[in-house]
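S.K.: Return atomic coordinates for the entry below.
(chains A and B)
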Amino acid sequence: MKSRRGLSTVVGTVFAIIALTTTITYVTYSMNTLDKYNQSSLLKNQQLTDISKENFQISSVTVPNGKFNITVSNSGSLPITFTKIWIQNQTAYSAGTDWTNSYVPTNNFVAPGGILKNIGQNLPVSINSAYSYNVKLVTSRGNTQQFKVNSPSVTPLNIQLYSIPSGVASGTNSELMMIVTNNGSSILTNISPSSLPVPTGSATCTAGSVSPTSYSTLLPGSTAIFKWDVIISGLKGSSCTYTLAKPLQNGYSQNLQTTITVNSVSVSQASYASATGTLSLNYTSFRWAQSGSTNWNLGWSFTGANPTMFSVQVTNNNSTGDFYVSQYTQLAFHKVQSGGGGSNDVPFFLVNATNKLPSFGVTAFSCSSPNDYCIKIPAGQTVMLNFSASSAQGGDINRLGSGGSWFNMLLLFGKYANSRSGSGTLYGQDIPFLAVQST
Amino acid sequence: MKRVGSSRRGLSTIVTAGIMLSAVAVLGSAVVTWSSGNLKAYEISLTNAAANNTNKINENVSIENIAFCTNCSGANAKKIINVTLTNTGTTSLKITQIQVNNTAITQYYSTSTSLPVNILSQKSYTVSAKLATGTWNKGSIDTITITTARGSIYTTQAAP
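M.R.: Here you go, the predicted model:
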């Protein structure tokens, strides 16, 4: 029997193919549409990520020749294009005149890690350096950063003035400290303290120069500290008072006052060291060693004919400044001769390090350029110093040479500075030391 | 007399086949037409939804600057807030509403600074919103909210 497929089956198959094709087309279209949407979503996500990655900082702002000169550093990982700069005359604004304009900067591109200078030099606007301005930089991604120029004159800042210590012995140093905190929401620029006025009071106070002289920028929440060294002299109880009516140059008027008082020096066994000078000794730390010694020795008697090295601990009582010790620092021994007329001063200069084993020797006081101030005594800390050389920066081990009684002074030379190579303030001090008997 | 070895299809078979063919054709056409129409409708709906959502996520507005007008006088004294908006997205957008402290602004300093407005990509526009009641006050923080036609909302705060 012959088998034949029905025509209706063929027609049904055609319809099925049409339905299947339509469905596949729809599904394919849907997938493509969703893919495009997904791509847009990814693109948006990338844009938002880029916006969050964009980061720049205002390095400095100056006003040369009546034009802003803004320097910006790109601290992010993406290139930045500045599309607009908004400038508002805050002084005029406070006086009731609306003066807000926007400009398109010409030099406006900075690569990641790069620095963009001279922003604002080509803007068609004249800047009065006596006025306060509110400046905002806008990037192509929509990020903005706002800062204020000369704004201390517009709003009061959190400023404090201290004298540390507030009571010192006559002829010694105190320190004036002005602490400026940016309690606003914008970056402040060009923060400089006003000159110190002549102090009032019966004591004589002489202030040094301010350090540092200015801060180019001060971020919101950040603090700037200005310091003056002040030498006070006068009778016990006398004082001098510094009153600042306008603490900052071009600043807001706000009264700050601090007083330094002359105190008497009280010396007790416990406070002798810190009361007698900025640098002090720990007398119980005195140690000596001679050839053959494997350890440091205590006591005040040793053989004068042998090469001898010494070790003492010195404390920097200044709580804010690091002290860098000079090559001329030495232990000076003076022999008391019977019949009067002492003589035979023997110096033991500073060395970097001492060795007792396996060989008895020292490392000369030396360091990289500048070859001096090699040892630092950090503020408020104690450091062990070693002495043996017969001359400054010598590498030998000196000896007293003879027997007898010796009184000793530690001659400390150095400087208070921010770094070993920095200029700082030179400082020297004699400190009486333990008596020694040599045999 | 009956033929031997000869097979002939009956009339009923042919009629039945015709009916089946017609039924398949009619039903098949109806189903294909119906499903095609439905799929087309879904396709249009999907296209619109995708386009709207794609445009919405592509739009981005930066509230670039807010300036409180100090020399606006008379009825505008301490009532005008100039809000500069920049379209940082890749598509043009329409700003439909601006709110100050959750109150929709309906008055503007001038028609050239009013809403709604279309902003092309990478272009800026300044809206001079006029407070219907009250004034802005020095040191007081105001919340500025803008809404686009696609429903995106952007908010920032500023103080005179």
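S.K.: close to chain B, is the helix or strand A:Leu20 falls within?
M.R.: Element membership for A:Leu20, per DSSP states H and E: helix A:7-53. Yes - between helix A:7-53 and chain B, judged by CB under 8 Å from any CB of the partner chain, the touching residues are A:7-8, A:11-12, A:14-15, A:18-19, A:22-23, A:26, A:29-30, A:33-34, A:36-37, A:40-41, A:43-44, A:47. Every residue, glycine included, has its C-beta placed from N, CA and C.
S.K.: Mind jotting down where the helices sit in chain B?
M.R.: Under the criterion DSSP state H, chain B contains helices at B:11-58.
S.K.: hey, where'd the strands end up in it?
M.R.: B:61-68, B:80-87, B:93-100, B:103-104, B:107-108, B:117-119, B:124-130, B:142-148, B:153-158 (DSSP state E).
S.K.: Quick one: mean pLDDT for the third one?
M.R.: With pLDDT averaged residue by residue, strand B:93-100 scores 94.
S.K.: buried stuff in that strand?
M.R.: Buried residues in strand B:93-100, counted by 16 or more other CB atoms under 10 Å in any protein chain shown: B:Leu93, B:Ile95, B:Ile98, B:Gln99, B:Val100.
S.K.: returning to that earlier point: please indicate which of the residues of helix A:7-53 next to chain B are buried?
M.R.: Using 16+ other CB under 10 Å, the buried ones in the residues of helix A:7-53 next to chain B are A:8, A:11-12, A:15, A:18-19, A:22, A:26, A:30, A:33, A:37, A:40, A:44, A:47.
S.K.: Sort the residues you listed by pLDDT and name the bottom one.
M.R.: Among those, pLDDT bottoms out at A:Ser8, giving 73.
S.K.: mind checking how far that residue is from A:Thr25?
M.R.: Per CB to CB, to the nearest Å, A:Ser8 is found 26 Å from A:Thr25.
S.K.: any idea which of the buried ones among the residues of helix A:7-53 next to chain B is closest to chain B?
M.R.: For those, the closest approach to chain B (CB to the nearest CB) belongs to A:Phe15, at 3.4 Å.
S.K.: Not counting its neighbours along the chain, what's nearest the closest one?
M.R.: B:Gly28 (3.4 Å; CB to CB, 6 or more residues apart in numbering or on different chains).
S.K.: okay, now that neighbour: neighbour count?
M.R.: 19 (other CB atoms under 10 Å in any protein chain shown).
S.K.: how about it, what does it touch?
M.R.: A:Val11, A:Gly12, A:Val14, A:Phe15 (CB atoms under 8 Å, 6 or more residues apart in numbering or on different chains).
S.K.: Show me what from chain B comes close to chain A.
M.R.: Checking chain B against chain A by CB under 8 Å from any CB, the hits are B:7, B:17, B:20-21, B:23-25, B:28-29, B:31-32, B:35-36, B:39, B:42-43, B:46-47, B:50, B:53-54, B:57-58, B:60, B:62, B:64-65, B:67, B:69-72, B:82, B:84, B:86, B:88, B:122, B:124.
S.K.: which of those count as buried?
M.R.: For these, buried by 16+ other CB under 10 Å: B:20-21, B:24-25, B:28, B:32, B:36, B:39, B:46, B:50, B:54, B:57-58, B:60, B:62, B:64-65, B:67, B:69-70, B:72, B:82, B:84, B:86, B:88, B:124.
S.K.: show me what contacts the residue nearest to A:Ile164 when sequence neighbours are not counted?
M.R.: Leaving aside its sequence neighbours, A:Ile164 sits nearest to A:Glu175 (CB to CB, 6+ apart; 5.1 Å). Shown in contact with A:Glu175 (CB under 8 Å, 6+ apart): A:Ser163, A:Ile164, A:Lys227, A:Trp228, A:Asp229, A:Val230, A:Thr320.
S.K.: Cross-check the contact I'm expecting between the last one and A:Thr425.
M.R.: No - using CB atoms under 8 Å as the test, A:Thr320 is too far from A:Thr425 to be in contact (11.9 Å).
S.K.: ok, A:Ser366 - contacts?
M.R.: A:Asn352, A:Cys374, A:Gln393.
S.K.: wait, which of the residues you listed is closest to chain B?
M.R.: Nearest member of the contacts of A:Ser366 to chain B, counting by CB to the nearest CB, is A:Cys374, at 54.8 Å.
S.K.: where does the residue nearest to that closest one when sequence neighbours are not counted land on pLDDT?
M.R.: Once flanking residues are discounted, A:Cys374 sits nearest to A:Cys367: 3.7 Å by CB to CB, 6+ apart. At A:Cys367, the model reports a pLDDT of 91.
S.K.: give me the number of residues near A:Cys367?
M.R.: Count around A:Cys367 with other CB under 10 Å applied: 14.
S.K.: Likewise for the one 4 residues further on?
M.R.: The burial count assigned to A:Asn371 is 11, neighbours taken as other CB under 10 Å.
S.K.: who are the neighbours in contact with the closest residue to it other than its chain neighbours?
M.R.: In this structure, A:Asn371 finds its nearest non-sequential neighbour in A:Gln393, 7.6 Å apart by CB to CB, 6+ apart. The contact partners of A:Gln393, by CB under 8 Å, 6+ apart, come to A:Gln327, A:Phe349, A:Ala364, A:Phe365, A:Ser366, A:Asn371.
S.K.: Quick one: residues contacting residue 100.
M.R.: Using chain A here. Neighbours of A:Thr100 in contact, by CB under 8 Å, 6+ apart: A:Trp86, A:Ile87, A:Gln88, A:Asn89, A:Tyr93, B:Asn65, B:Ala67, B:Asn82.
S.K.: try again with chain B
M.R.: By CB under 8 Å, 6+ apart, the neighbours of B:Val100 are B:Ile81, B:Ala129, B:Leu131, B:Asp142, B:Thr143, B:Ile144, B:Thr145.
S.K.: The same query, at a cut-off of 10 Å, please.
M.R.: Contacts for B:Val100 (CB atoms under 10 Å, 6 or more residues apart in numbering or on different chains) come out as B:Ile81, B:Val83, B:Ala129, B:Lys130, B:Leu131, B:Ala132, B:Gly134, B:Trp136, B:Asp142, B:Thr143, B:Ile144, B:Thr145.
S.K.: Wait, A:Gly292 touches A:Asn306, no?
M.R.: Yes - at 8.4 Å, A:Gly292 counts as touching A:Asn306 under the criterion of CB atoms under 10 Å.
S.K.: Name the residue in those two with the higher neighbour count.
M.R.: A:Asn306 (16 against 8).
S.K.: on that earlier part again, tell me the angle of the helix holding A:Leu20 relative to helix B:11-58?
M.R.: 10 degrees (axes from the mean of the first three to the mean of the last three CA atoms, to 10 degrees).
S.K.: So which elements touch helix A:7-53?
M.R.: helix B:11-58 (3 or more CB pairs under 10 Å, 6 or more residues apart in numbering or on different chains; DSSP states H and E).
S.K.: sec struct for the residue of the stretch 151-300 of chain A found nearest chain B, please.
M.R.: Nearest to chain B, among the residues of the stretch 151-300 of chain A, is A:Ser185, at 8.9 Å (CB to the nearest CB). Following DSSP: H, G, I helix; E, B strand; the rest coil, A:Ser185 is assigned to coil.
S.K.: Number of residues surrounding residue 108?
M.R.: Chain wasn't specified; assuming chain A. So A:Asn108, with other CB under 10 Å, has 18 neighbours.
S.K.: hmm, I had chain B in mind actually
M.R.: Applying other CB under 10 Å, we find 16 other residues in the vicinity of B:Tyr108.
S.K.: Check A:Phe323 too.
M.R.: 29.
S.K.: same deal with A:Val314?
M.R.: So A:Val314, with other CB under 10 Å, has 25 neighbours.
S.K.: Next, find the distance separating it from chain B.
M.R.: 54 Å (CB to the nearest CB, to the nearest Å).
S.K.: and that residue, that's in a strand?
M.R.: Yes - A:Val314 sits within a strand when classified using three-state DSSP.
S.K.: I figured it hits A:Phe286, correct?
M.R.: No - the criterion here is CB under 10 Å, and A:Val314 misses it with A:Phe286 at 11.4 Å.
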